[in-house]
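Participant: For reference, the sequence and a predicted model appear below.
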Amino acid sequence: MRLGSEIEKDAKQFLREGRTLLLLVAAPLLVLFVMGGIFSGDSTLVGKTGIGICDLDGSNASMIFIDGIMNSTEIINYGSGMDCPARMETDVRAGKLAAGLVIPFGFGAGMEQGNTQNISMLLDNSRFQVSPSIEAAVKANIQSTNQRIGSQFILTVWERLDAANARLQTIYASTNDTRGRATKMKSDLKMTADSLNALNITSVEDEVQLANSTVAKTMVSLDEAQNNLTKIESDFADYQATLNQTESDLANIDDSITNISAYISAAKGGMNCTDPLFYAACEPLDLINASVESAHQSVAQRLEKVRKAQVDLVAANQTIQEFKASIAAAKIGANQSGKSIQNMQDFVSELESNRATSLQTLSEVDKSLDELVLKTYDLENIITDSRSQISGITSRSPDFIISPMIVTPSYLFGKRPFFEFMLPSVLPLILMFVALFLASTSLVKEKSGGTLARIYTSQANRFEYVIVKVLSYTAILLPEAILVALIASVFYNMFPVTDLNTWFYVLQALACLILAFVSLGIVIAIFSESEATAFLACLVVGLPLLFLSGLLFPFEFMPPIIAALGLASPLTQAVISMQATLLYHSSQFASSAVLLIYAIAFTMLAGLSLKK
Amino acid sequence: MANALEAENIGKVYGKKVVLHNFSLKVKKGSIFGLLGPNGAGKSTFIRIVSGLEGQDAGTLSLLGANASKAGRRQLGIAPQENSIYPLLTCMENLTYFGSLYGVTGKAAHEQAGSLLGQLGLLEKKNVIAEYLSGGMKRRLSLACALMHKPKIIMLDEPTTGLDPATRIKMWETVRKVVRDTKATLILTTHYMEEAEALCDRIAFVNAGSVVAEGTPNELKQLVGKEMAKLSTVPGNAENLIRIIRGINGIEHVTATEHGVVVECKGIAARLPEIAKILEQNGESVVEMSVSRPSLEDVFLKMTGLKLREVNKIEAGKRN
């Protein structure tokens, strides 16, 4: 088969068939211009969309909010009647409004009291093209209002923080003073501790112990003395008894002597002592009488002495009693002294204990004071840091606090209409459908008209035939690709018409796209019984590819698997290629390679599926 | 002389349907060979197998003395049943395109196309878009397309189907002229007896996927071998009529037709008065009487027990 003959034959047929010409030229141009008109709006602006508002509050705050939102979209005021929310909701549900906002009672008052206010918004999300814009506009307005309210609130907070900062300055000074006092107290405590340590309680204890020992010894001595006195007393009693016995004895002796003397005298009186016979007796009697007298006298003396001794003994006894009483008193005193000494000992022990406790306490207080001093430093640091932070915070503007980041959009492509961004997608889309319809319906006609069978009778190879058909239809569609690219250049400023480099990239991408979809169209034709079937099959194939291309619905919102499928689709690859060329001015030969792979795969499939 | 085409025990099955079964024939070079049979008999399937559009499931096929191959098949010029031309191309464009499929291009293609258009009476229409041609012209253009590469075997599948009688006869003349001019072998399929008889040197009757008889028209007629009387009567009781005639002594065969009966016996022409009298006696009026020698249709009827037109109607009914 000769490619030239095939192209000539197909081209002549298409040119002579009004319907095909319409499909090839007029329809794509019409679609381009219609879409260009529809999407001619500025892509950087939010469209005016009907939003209803019920202001049940009627406060200044609600008016500020409404004024703000009126700047970005069309507002239909539903008033402030009680039935207003219901009426508005009815209109939203009927599709008359894109959204309805209700500002509740007490909105302004609640704001003044610092309570978050809830503005309810009923959004018709079936209008998925505009509902995000409406939501964004309302949220932006709310953010703006919030920023204003927040700024005022933050300014108040700033004032309070400044006051707190001043107070912290005072606290800082107090802390410094506290530390000075603590330091002085430490010094005092040290002195106190030194004084306590200097106390010689041990010597006092020794003294007390000595006193106690002395008292004990005194008590022993007193007891001994008392015992001795008692013994003396007992001895005195014995002496008394002895004296008394002695006195009695002496008295008896005296009596006896007296009696003896009387006897002697009587004996003598009966003897004439002058008579020498008696003399000799008288004389011894005289001697005995004298001795008795002497004895009498001696006894008398002794008796006197005994009696004196008795008196002395009584006196001595008296003295002993007195002494005993003194000793008893001394013992009582010693006892009292012992108790006092014991008390003293206890006092000294307690004093020692108290001193230890006091020293411990002083040590602890000292430690506490150390900590206090350290904490004052910490506190000072904290206060300094806090003051620094407060200063840092209050030095910032409230606007910064509320919105530390703001976006200043800078449009990469400037203020251009939507369609100029859609064109890189629309061009492949149009060519995809044209290629599918053209290839599939034309080949079905060849099948049904019998010319395909006739071609087979020339023994043409089916792969050869498919390849020639793919190339033929592609060649026929290339002028169409050039035409739509020219329109994109001239009418929509997608690229300078004299830019041959861009022309090359655009046409190679479109040529690869046409190759892929012509070969797919031939596959469709092979499996189609009639033109109607082929037409429907093209729609069945083309529409999902359209939805998967990201033109109508962004990939970011698709499930990952579907998005991956979409990215892999030939239409998407062509769109990527065109976007790269027309928007980002970078080549996308990878996408073209993918399209060529699709073309080869579809051509192979067509060749394998083609039956005679 | 070697045969242009030899088919031996060709078989073709579509699913469970046997389309061709032990289909065998030989076509001599330079002859006009007709495949005659009702619609659905397998003629077109055989043509498709010969042209390579279908493969046979059984049997062997040779073209020009060699096993059928791509090279051999490129010697075929096939005009399918449908016109199979591009309606939006001119006659010249159609011819040059189909010529290009066989490597006939450029000046040679234009000369050949011009020659063919002249031969087929289409020269004045060479630049007319095919869509605007009459049915006969389209058919001739389709034939011309099959001849662009000067094939050695021309195959015409139902070349006159759908044409009015005058155009059909003109088409026969065209076919004869082509064969005469090209000296090619021509194989045509038709379900028209008169077409086969008018054009073909040899005819093969095809029915239910097999060749049931094959020979020259005279040879085929001799298979029937008897004169027949056609009696046209007023519409009446056909069964009664047949019963009456069968009762006549010497009558060999009676067949009902659309308007009467066909009667076969020796010396039928001499016995016609007698037969007419008996029919009259039995209340059956004879409107017309004629005596004919056996035709190809008679042969077909003889071979299959069916009348070709009726079979065509049945097949057409099945297709619808």
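Facilitator: That came through fine. Residues are numbered from 1 along each chain as shown, chains lettered A, B, ... in the order given.
Participant: In the chain, mark out all the strands, start to finish.
Facilitator: You didn't pick a chain, so chain A it is. A:50-55, A:74-77, A:99-103, A:120-123 (DSSP state E).
Participant: my question was about chain B
Facilitator: Going by DSSP E, chain B shows strands at B:3-14, B:17-28, B:32-36, B:58-63, B:66-67, B:76-79, B:153-157, B:185-190, B:202-207, B:210-215, B:228-233, B:253-256, B:260-264, B:286-292.
Participant: Nearest to chain A among the ones you listed would be which one?
Facilitator: strand B:76-79 (4.7 Å; C-beta to the nearest C-beta). The C-beta positions use only the backbone N, C-alpha and C, and glycine is treated the same way.
Participant: quick one: strands adjacent to the closest one?
Facilitator: Sheet pairing of strand B:76-79 (DSSP bridges) gives strand B:153-157 (parallel).
Participant: And residue B:145, how close does it get to chain A?
Facilitator: Separation of residue B:145 from chain A (C-beta to the nearest C-beta, to the nearest Å): 7 Å.
Participant: pretty sure that residue is touching residue B:98, no?
Facilitator: Yes: Residue B:145 lies in contact with residue B:98 (C-beta atoms under 8 Å); the separation is 4.3 Å.
Participant: near chain B, which residues of chain A show up?
Facilitator: A:1-2, A:5, A:8-9, A:12-13, A:16-17, A:449-451, A:453-460, A:612 (C-beta under 8 Å from any C-beta of the partner chain).
Participant: Give me the ChimeraX select line for the residues you listed, limited to the buried ones.
Facilitator: Buried subset of the residues of chain A next to chain B, written as a ChimeraX selection, criterion 16 or more other C-beta atoms under 10 Å in any protein chain shown:
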select /A:1,5,8,9,12,13,16,17,449,450,451,453,454,455,456,457,458,459,460
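Participant: Report the spatially closest residue to residue B:42, excluding sequence-adjacent ones.
Facilitator: residue B:209 (4.2 Å; C-beta to C-beta, 6 or more residues apart in numbering or on different chains).
Participant: Now for the one you found: which residues touch it?
Facilitator: B:12, B:18, B:19, B:20, B:21, B:23, B:41, B:42 (C-beta atoms under 8 Å, 6 or more residues apart in numbering or on different chains).
Participant: Please repeat the previous calculation with a cut-off of 10 Å.
Facilitator: B:10-13, B:17-23, B:37, B:40-43, B:45-46 (C-beta atoms under 10 Å, 6 or more residues apart in numbering or on different chains).
Participant: Then residue A:254?
Facilitator: Taking C-beta under 10 Å, 6+ apart as the test, what residue A:254 contacts is A:247, A:260, A:261, A:295, A:296, A:297, A:298, A:299, A:300, A:302, A:303.
Participant: I'd say residue B:252 and residue B:264 touch.
Facilitator: Yes: the pair residue B:252 / residue B:264 is scored as a contact, 4.9 Å apart, by C-beta atoms under 10 Å.
Participant: and the two? which has more neighbours close in?
Facilitator: residue B:264 (19 against 11; other C-beta atoms under 10 Å in any protein chain shown).
Participant: how far away is the closest residue to residue A:31 other than its chain neighbours from chain B?
Facilitator: Leaving out its chain neighbours, the residue that sits closest to residue A:31 by C-beta to C-beta, 6+ apart is residue A:430, at 5.8 Å. Going from residue A:430 to chain B by C-beta to the nearest C-beta gives 24 Å.
Participant: Let me know the distance separating residue A:430 from residue B:96.
Facilitator: Distance, residue A:430 to residue B:96, by C-beta to C-beta, to the nearest Å: 33 Å.
Participant: go on, residue A:492?
Facilitator: Taken as C-beta to C-beta, the span from residue A:492 to residue B:96 is 42 Å.
Participant: do the same with residue A:299
Facilitator: Residue A:299 is 209 Å from residue B:96, by C-beta to C-beta.
Participant: One more: residue B:51?
Facilitator: Counting by C-beta to C-beta - residue B:51 and residue B:96 are separated by 21 Å.
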